[in-house]
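> give me a 3D structure for the following:
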Amino acid sequence: MTDSKYFTTTKKGEIFELKAELNSDKKEKKKEAVKKVIASMTVGKDVSALFPDVVNCMQTDNLELKKLVYLYLMNYAKSQPDMAIMAVNTFVKDCEDPNPLIRALAVRTMGCIRVDKITEYLCEPLRKCLKDEDPYVRKTAAVCVAKLHDINAQLVEDQGFLDTLKDLISDSNPMVVANAVAALSEIAESHPSSNLLDLNPQSINKLLTALNECTEWGQIFILDCLANYTPKDDREAQSICERVTPRLSHANSAVVLSAVKVLMKFMEMLSKDLDYYGTLLKKLAPPLVTLLSAEPELQYVALRNINLIVQKRPEILKHEMKVFFVKYNDPIYVKLEKLDIMIRLASQANIAQVLAELKEYATEVDVDFVRKAVRAIGRCAIKVEQSAERCVSTLLDLIQTKVNYVVQEAIVVIKDIFRKYPNKYESVIATLCENLDSLDEPEARAAMIWIVGEYAERIDNADELLESFLEGFHDESTQVQLQLLTAIVKLFLKKPTETQELVQQVLSLATQDSDNPDLRDRGYIYWRLLSTDPVAAKEVVLAEKPLISEETDLIEPTLLDELICYIGTLASVYHKPPSAFVEGGRGVVHKSLPPRTASSESAESPETAPTGAPPGEQPDVIPAQGDLLGDLLNLDLGPPVSGPPLATSSVQMGAVDLLGGGLDSLIGGTNFVAPPTAAVPANLGAPIGSGLSDLFDLTSGVGTLSGSYVAPKAVWLPAMKAKGLEISGTFTRQVGSISMDLQLTNKALQVMTDFAIQFNRNSFGLAPAAPLQVHAPLSPNQTVEISLPLSTVGSVMKMEPLNNLQVAVKNNIDVFYFSTLYPLHILFVEDGKMDRQMFLATWKDIPNENEAQFQIRDCPLNAGEDSEPPTPAPRLYPGPCTDWGLPRPCDPTEAASSKLQSSNIFTVAKRNVEGQDMLYQSLKLTNGIWVLAELRIQPGNPSCTLSLKCRAPEVSQHVYQAYETILKN
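Below is the predicted model of the structure:
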């Protein structure tokens with residue numbers, strides 16, 4: 001008789017009877033009673049009252065009875081922790097039983113009893129079992145360590161179990177190795193910072209040796225562990241791949257996918273020129289194809305993984321198109337997934353086959369599948385240019401079927417084909433217009449309206465067609481309303497005389513009768529554009545549109561690389577990283593593919609360039625909407641156009657002069673002579689040290705070659721905001737040349753290449769004077785220092801604050817934006833010294849309301865009166881500090897004057913009034929603006945007073961900040 005009889009009883013008062021039976025002297029009766037208890041527990045009855053009686057049955061040699069008691073114990077120990085302690089002695093005894101099955105059973109049960117009070121008693125038995133002579137006991141004990149770690153991590157670490165677990169990786173039995181790896185991986189996932197699985201070539205070799213003899217689940221644990229290892233070079237990667245490849249022919253699909261994950265990861269390090277690389281590609285295809293002959297659920301998981309593999313390396317399955325053809329009895333979820341992969345694999349070689357198949361699918365009965373098939377034909381046209389004509393004629397054939405949903409999908413995709421190939425297939429518009437009345441879906445109606453508006457000049461009755469849509473304007477969806485508004489404005493700009501009434505009608509409906517803010521805003525923008533500047537309106541509304549890209553649903557490259565590392569897991573089915581769906585993020589580690597070797601990098605470069613873009617062109621990248629740096633959208637992120645050389649003297653900005661023309665008007669209208677500007681040598685950019693005369697140039701007024709003060713580098717773009725790229729930098733001015741000194745650090749797990757930089761328009765026309773030169777790929781954890789020369793002849797736009805600079809940096813991962821403030825003293829030019837008479841006249845001429853006064857507090861140059869002069873003293877300062885007489889020992893005034901001169905702030909005159917030293921200084925900005933200054937220094941007073949006069953008072957605050965920075969550093 002079977003054990004089902006234990007589940008059929010419904011007697012009352014059973015607990016009392018069972019209690020009596022459990023305490024019976026007869027072994028058979030005891031066993032029967034325990035079975036009844038377990039049956040009651042299984043169906044949900046509370047039999048916890050029998051806990052002490054069941055625990056008493058543990059003292060038995062009968063293995064079946066012992067298993068049943070342990071099962072009961074695992075279930076109720078948590079609710080009866082005090083009683084559970086009674087079982088500890090039996091565990092300890094069972095761990096020394098001669099029968100290895102009982103030893104293993106005891107240690108397994110110990111791991112499953114999640115009671116804090118008991119855990120410390122279990123350490124000794126567990127330690128013995130980890131070193132047991134029988135591999136079955138050792139492998140069970142290895143898993144028990146992971147369970148114990150989950151209950152009390154500190155205890156496991158204190159008892160040294162983790163080290164014992166690491167030693168088990170070298171065990172002679174492959175199953176023990178597999179369980180040790182599984183336990184360490186589990187612990188490492190919950191503690192990402194701990195470096196438990198410290199893999200090296202020796203331990204990897206042991207794992208690969210154990211791989212061949214493990215059970216299938218043991219193989220999966222070992223393969224997953226191998227996938228987390230980064231080989232030191234391509235040779236080691238190839239060696240591991242060779243030893244993992246036989247797993248591809250395993251019967252278990254999980255083993256196959258784990259092996260594929262390891263190979264996909266390590267292929268990244270192999271050069272494409274290697275013969276082995278081609279062999280590996282051929283070996284990867286058959287196991288993936290075999291997975292598609294399993295049941296539908298497994299097929300779906302395999303297809304989701306194949307989708308990722310095809311996006312990463314389409315060449316693996318490029319000859320296997322036929323296996324993705326849909327079968328009539330495939331479930332819809334498998335059909336749709338196969339369709340997606342077919343489009344990804346479509347190429348010029350197989351497009352005829354694919355189109356014939358897709359046309360067939362478009363006549364199926366499943367509406368969702370038909371829609372997707374029609375869309376797929378459009379995607380093929382966009383992806384494979386040579387097939388576009390054939391795709392369009394296929395779509396026209398489908399439109400002739402007059403099946404409503406087929407016609408609507410066809411119109412939606414034809415709109416995209418028009419965007420991709422302008423002025424090529426417009427002959428089909430007449431056929432589309434015939435089906436206007438049958439359109440009832442918003443997307444199809446919007447697509448048709450777009451076509452009519454875009455090609456209004458080719459459609460005789462375009463105004464009538466759009467007017468027919470306008471009749472039920474308020475009943476349309478927002479998508480259709482917005483498209484209709486734009487289409488009618490386009491029509492008006494193309495045929496203004498015939499459509500004036502129509503455009504007024506739609507603008508009135510959109511602005512006055514609508515409560516949708518998007519529609520209203522767009523209506524007002526068009527209305528104002530048309531009423532104020534029709535030419536500008538034409539340029540905006542009828543502007544040339546960018547071509548659409550061929551693959552709109554590709555996974556973003558860094559996410560794709562991460563998902564490849566999760567092949568065979570839930571992340572590869574969801575196409576989302578684990579952090580997106582694992583609650584709390586416990587144990588979620590961001591993974592990435594290993595960096596490519598130099599040889600594989602060079603071999604891949606032609607392929608990684610986006611298809612469809614001519615060589616050397618970068619695809620347009622559109623940042624998130626509403627970005628502070630919207631203006632950067634207009635920037636070309638390629639290398640900057642080589643402009644005029646760096647300007648070192650004033651730049652005549654004419655009409656776009658941001659802050660006024662400096663003193664030019666004043667000088668032109670008076671009898672004063674312009675200040676003598678020393679001719680800046682032509683070889684200003686030449687290396688320093690071309691003779692002592694350059695170094696001690698005391699007459700020309702050009703600043704000393706030591707250069708102005710340079711602030712320490714600050715982090716401008718943190719790694720967490722730029723997918724692992726950290727940018728630090730500062731600005732320098734040396735010998736008339738402005739530079740942006742950058743430090744790029746790669747904190748991501750993949751190589752970064754193809755760097756470019758561009759600035760938004762700014763107050764002083766700062767722009768890169770050369771491309772951003774990063775000569776070698778930037779590997780993970782590598783830092784590179786770059787000095788980027790800047791010019792001041794870029795586009796000008798007044799910024800808030802004035803010295804704000806918005807920057808876009810591009811690499812192979814993405815485009816990143818940041819803004820920084822540059823110190824104004826980098827714009828002080830070398831010919832900024834006025835003569836005294838000019839200074840006096842200009843000071844008087846600038847209105848008094850343009851004067852600004854500032855306090856520079858705690859100025860370190862101005863020491864107290866009792867302080868000693870610096871050693872060695874006296875130091876003689878050349879140039880302006882001489883006060884037009886004999887040189888004097890260094891004092892705070894001279895120190896300040898000399899320090900400021902090194903940043904191109906020149907002392908014109910100096911005098912002492914009532915114990916205060918007064919420095920009269922001049923400086924000139926790169927755009928020709930002069931700033932005059934009076935610096936009052938009182939010996940012993942730690943504060944200085946700065947008065948500034950300038951025709952553009954908005955620069956005064958920033959000049960004051962420059963003074964403060966220079967004097968305090």
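> from now on I want contacts and neighbour counts done on CA atoms only, so please keep to that.
OK.
> Glu467: how many residues sit nearby?
Neighbours of Glu467 under the rule other Cα atoms under 10 Å: 18.
> check contacts around it.
Leu502 (Cα atoms under 8 Å, 6 or more residues apart in numbering).
> go on, the one 10 residues further on?
Contacts were defined as Cα under 8 Å, 6+ apart; by that measure Ser477 touches Pro442.
> distance of Glu32 relative to Tyr70?
15 Å (Cα to Cα, to the nearest Å).
> okay, the two: which has more neighbours?
Set Glu32 next to Tyr70 and count neighbours by other Cα under 10 Å: Tyr70 wins out with 22 against 16.
> per-residue pLDDT, the more buried one?
Note for Tyr70: predicted pLDDT of 78.
> can you list the helices and strands that the helix or strand harbouring it packs against?
Assessed by DSSP states H and E, Tyr70 sits inside helix 63-76. Packed against helix 63-76 by the contact rule (3 or more Cα pairs under 8 Å, 6 or more residues apart in numbering; DSSP states H and E) you find helix 27-42, helix 51-56, helix 100-112.
> so which of those helices is the most packed in?
helix 100-112 (a mean of 22; mean count of other Cα atoms under 10 Å).
> tilt between that helix and helix 63-76?
0 degrees (axes from the mean of the first three to the mean of the last three Cα atoms, to 10 degrees).
> average model confidence for stretch 416-426?
Mean predicted confidence for stretch 416-426 is 82.
> buried ones in that stretch?
Within stretch 416-426, the residues that count as buried by 16 or more other Cα atoms under 10 Å are 416-421.
> now the helix or strand encompassing Leu284 - C-alpha only, PDB.
Using DSSP H and E, Leu284 sits in helix 275-291. The C-alpha coordinates for helix 275-291 follow below in PDB (Å, rounded to 0.1, in the frame of the first residue of the first chain):
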ATOM      1  CA  ASP A 275      42.500  31.300 -37.300                       C
ATOM      2  CA  TYR A 276      41.100  30.200 -34.000                       C
ATOM      3  CA  TYR A 277      38.700  33.200 -33.900                       C
ATOM      4  CA  GLY A 278      37.000  32.000 -37.100                       C
ATOM      5  CA  THR A 279      36.900  28.400 -35.900                       C
ATOM      6  CA  LEU A 280      35.200  29.500 -32.700                       C
ATOM      7  CA  LEU A 281      32.600  31.500 -34.600                       C
ATOM      8  CA  LYS A 282      31.700  28.400 -36.500                       C
ATOM      9  CA  LYS A 283      31.600  26.300 -33.400                       C
ATOM     10  CA  LEU A 284      29.200  28.700 -31.600                       C
ATOM     11  CA  ALA A 285      26.400  28.400 -34.300                       C
ATOM     12  CA  PRO A 286      25.300  24.700 -34.100                       C
ATOM     13  CA  PRO A 287      24.600  24.600 -30.300                       C
ATOM     14  CA  LEU A 288      22.500  27.800 -30.500                       C
ATOM     15  CA  VAL A 289      20.600  26.300 -33.400                       C
ATOM     16  CA  THR A 290      20.000  23.100 -31.500                       C
ATOM     17  CA  LEU A 291      18.400  25.000 -28.600                       C
END
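> so what secondary structure elements neighbour it?
Partner elements for helix 275-291 (3+ Cα pairs under 8 Å, 6+ apart): helix 253-267, helix 296-312.
> hmm, who's touching it?
245, 248-249, 253, 256, 260, 267, 270-272, 298-299, 302, 306, 315-317, 320, 323.
> now do that helix: distance to the chain's middle.
Here helix 275-291 is found 31 Å from its chain centre; the criterion is Cα atoms, centre = their mean, to the nearest Å.
> kindly report the same for stretch 366-380.
On Cα atoms, centre = their mean, the centre of stretch 366-380 falls 32 Å from the chain's centre.
> re earlier: quick one: work out the angle between the helix holding Tyr70 and helix 27-42.
Using the same axes, to 10 degrees: helix 63-76 against helix 27-42 is 30 degrees.
> list the buried residues in helix 63-76.
65-70, 72-76.
> ok, of these, which one's closest to Leu155?
Met74 (20.8 Å; Cα to Cα).
> give me the neighbour count for the residue nearest to that closest one when sequence neighbours are not counted.
Once flanking residues are discounted, Met74 sits nearest to Ile113: 5.3 Å by Cα to Cα, 6 or more residues apart in numbering. Ile113: 22 surrounding residues under other Cα under 10 Å.
> quick one: secondary structure of the one residue sitting closest to the centre of the chain?
Central residue of the chain (Cα atoms, centre = their mean): Lys723, 3.7 Å from the mean position. Classification of Lys723 by DSSP: H, G, I helix; E, B strand; the rest coil places it in coil.
> and it, its phi and psi?
Note on Lys723: backbone dihedrals following degrees, to the nearest 10 are phi 50, psi 40.
> could you say which helix or strand contains the closest residue to Tyr920 other than its chain neighbours?
If the residues on either side of it in the chain are set aside, Tyr920 comes closest to Glu934, at 4.7 Å by Cα to Cα, 6+ apart. Applying DSSP H and E as the criterion places Glu934 in strand 930-937.
> please enumerate residues in contact with that strand?
662-663, 832, 839, 843, 862, 893, 916-924, 943-951.
> list the pairing partners of that strand within its sheet, with orientation.
strand 916-924 (antiparallel), strand 944-950 (antiparallel) (DSSP bridges).
> alpha carbons of the last one, as CSV, please.
C-alpha atoms of strand 944-950 as CSV (Å, rounded to 0.1, in the frame of the first residue of the first chain):
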residue,chain,number,x,y,z
CYS,A,944,43.8,95.4,0.5
THR,A,945,41.3,97.7,-1.3
LEU,A,946,40.8,97.3,-5.0
SER,A,947,39.0,99.9,-7.2
LEU,A,948,38.3,98.9,-10.8
LYS,A,949,37.1,101.1,-13.7
CYS,A,950,36.0,99.7,-17.0
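> using CSV, write out every CA atom in the very next helix or strand once past it.
Counting by DSSP H and E, the next helix or strand C-terminal to strand 944-950 is helix 956-968. As requested, the backbone C-alpha atoms of helix 956-968 are provided in CSV (Å, rounded to 0.1, in the frame of the first residue of the first chain):
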residue,chain,number,x,y,z
SER,A,956,34.7,94.0,-12.8
GLN,A,957,33.4,91.2,-10.4
HIS,A,958,35.4,88.6,-12.3
VAL,A,959,38.5,90.7,-12.5
TYR,A,960,38.3,91.2,-8.7
GLN,A,961,38.1,87.4,-8.3
ALA,A,962,41.2,87.0,-10.5
TYR,A,963,43.1,89.5,-8.3
GLU,A,964,42.0,87.7,-5.2
THR,A,965,43.1,84.3,-6.7
ILE,A,966,46.5,85.5,-7.8
LEU,A,967,47.4,87.4,-4.7
LYS,A,968,46.3,84.6,-2.3
